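[1] I would like the atomic coordinates for the input below:
(chains A and B)
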Protein chains: 2
Amino acid sequence: MRAPVPLAHAHRLLNHGPTTLVSATHGGRRNVMAAAWVMPLDFTPPKFAAVVAADTFTRELLVAAGECVLHAPTTAQTGLTYALGSCSGRDGDKFARFGLRAEAGSVVQAPMLAGCAAWLECRRLPEPDLEARMDLFVLECVAAWADDALWRDGEWRFIDGGPRTIHHSKGGVFFATGERFVARS
Amino acid sequence: MRAPVPLAHAHRLLNHGPTTLVSATHGGRRNVMAAAWVMPLDFTPPKFAAVVAADTFTRELLVAAGECVLHAPTTAQTGLTYALGSCSGRDGDKFARFGLRAEAGSVVQAPMLAGCAAWLECRRLPEPDLEARMDLFVLECVAAWADDALWRDGEWRFIDGGPRTIHHSKGGVFFATGERFVARS
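    Predicted coordinates for the structure are as follows:
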């Protein structure tokens, strides 16, 4: 079940480098795309850096609305994640095409896609120079959520045989987040 | 064995979001630190974004030398990775303290630490504003290497029971890179 995550722990949702989905909506149009190049940038307030390519429909909506939702999809959504990264929302609404369930965020209007491991509602901190030169967006997380079957006591605690977050290797190839280790130095 | 990786594939070494080690050397001093917030930024030439905190000795050396090496450490180096992220090279040479084997890069002078899964020799593309405001460094990879027991045919192919790259969850807790999936959309 989707449960709130304190903003002080929001960076931990993506600390391990999973592939993300980015959604945005503006003017009655909405979209969601895959983005592997997303990482935390700061703790408090929680900020994230995300590469969103120049020609994408999601970027157009993200800039127009000034907000988005970052998602961490699961192993059960591997095919969907690849599909969402392989077509354009300009060719038709992806939510309808793929039969996706979604609801608006609690703070932002961007859609939160059902079935993910984590959701980070974000506001764009405008960096026009960075965006133009590097396709790099700086996002402040204003509300965070995780599936409480996968996230406990402020960290990811995946269950053997259950869904996990995923990491993009190369076109269409992903890794599940694997075994948990506690470092002994 | 350490084998060269074509620069066109360099982004794939860190595409899956592993924790990294960053090394640098200048003026006869050297250091290596852990950095979880590192991701690809561009394909050709391959560029990476790395958060390197303001007060770190590695940052001082990286800025002075204008180069560094990004490493992807393995599950066998989990304890070492955490230890390297938990002390400062200002208190004494970490290579001596931890008995680390290293050699200079092929293009850059920064040390390449033995036993890792990947090595990315990088030049700093100076972004003084980004560095000052966000601790964010833009690095161009000028030579890349991977352990050919883990990297085959241009992608990570980890072996069951063998070493894998690692992902930082929270202080001292890591995940191994897990099962490989090919997406069916």
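
[2] switch to C-alpha atoms for all contacts and neighbour counts from now on
    Noted.

[3] what stretches of chain A score poorly on pLDDT?
    Within chain A, the stretches with pLDDT under 70 are A:184-185.

[4] max-length helix in it?
    helix A:57-65 (DSSP state H).

[5] Give me the nearest residue to residue A:139, chain neighbours excluded.
    residue A:124 (4.6 Å; Cα to Cα, 6 or more residues apart in numbering or on different chains).

[6] Let's verify the one you found: helix, strand, or coil?
    Three-state call for residue A:124 (DSSP: H, G, I helix; E, B strand; the rest coil): strand.

[7] re earlier: ok, and for the longest helix of chain A, which residues are buried?
    A:57, A:58, A:59, A:60, A:61, A:62, A:63, A:65 (16 or more other Cα atoms under 10 Å in any protein chain shown).

[8] Excluding chain neighbours, what is closest to the third one?
    The reference is to residue A:59. Nearest non-adjacent residue to residue A:59, counting by Cα to Cα, 6+ apart: residue A:52, 6.3 Å away.

[9] wait, isn't that neighbour in contact with residue A:135?
    Yes: with contact defined as Cα atoms under 8 Å, residue A:52 reaches residue A:135; the gap is 5.5 Å.

[10] Identify, from the buried residues of helix A:57-65, the entry nearest to chain B.
    Nearest to chain B among the buried residues of helix A:57-65 is residue A:59, at 16.2 Å by Cα to the nearest Cα.

[11] my read: that closest one touches residue A:51, true?
    No: the pair residue A:59 / residue A:51 is not scored as a contact, 9.8 Å apart, by Cα under 8 Å.

[12] beta partners of the closest residue in space to residue A:146 that isn't next to it in sequence?
    Sequence neighbours aside, residue A:118 is the residue nearest to residue A:146 in space, at 4.2 Å (criterion: Cα to Cα, 6+ apart). Judged by DSSP bridges, the bridge partners of residue A:118 are residue A:72, residue A:146.

[13] Residue A:118: neighbouring residues, count only.
    30 (other Cα atoms under 10 Å in any protein chain shown).

[14] give the contact list for it.
    A:13, A:71, A:72, A:73, A:144, A:145, A:146, A:147 (Cα atoms under 8 Å, 6 or more residues apart in numbering or on different chains).

[15] Try it again at 6 Å.
    If you count contacts by Cα atoms under 6 Å, 6 or more residues apart in numbering or on different chains, residue A:118 has them with A:71, A:72, A:145, A:146.

[16] Closest one to residue A:29 out of the residues you listed, please.
    The closest of these to residue A:29 turns out to be residue A:71 (Cα to Cα; 18.8 Å).

[17] Was I right to think that closest one contacts residue A:18?
    No: counting by Cα atoms under 6 Å, residue A:71 sits too far from residue A:18 to count as a contact (9.6 Å).

[18] Tell me, how many residues neighbour residue A:129?
    Residue A:129, neighbours per other Cα under 10 Å, totals 11.

[19] The one 3 residues further on now?
    Applying other Cα under 10 Å, we find 12 residues neighbouring residue A:132.
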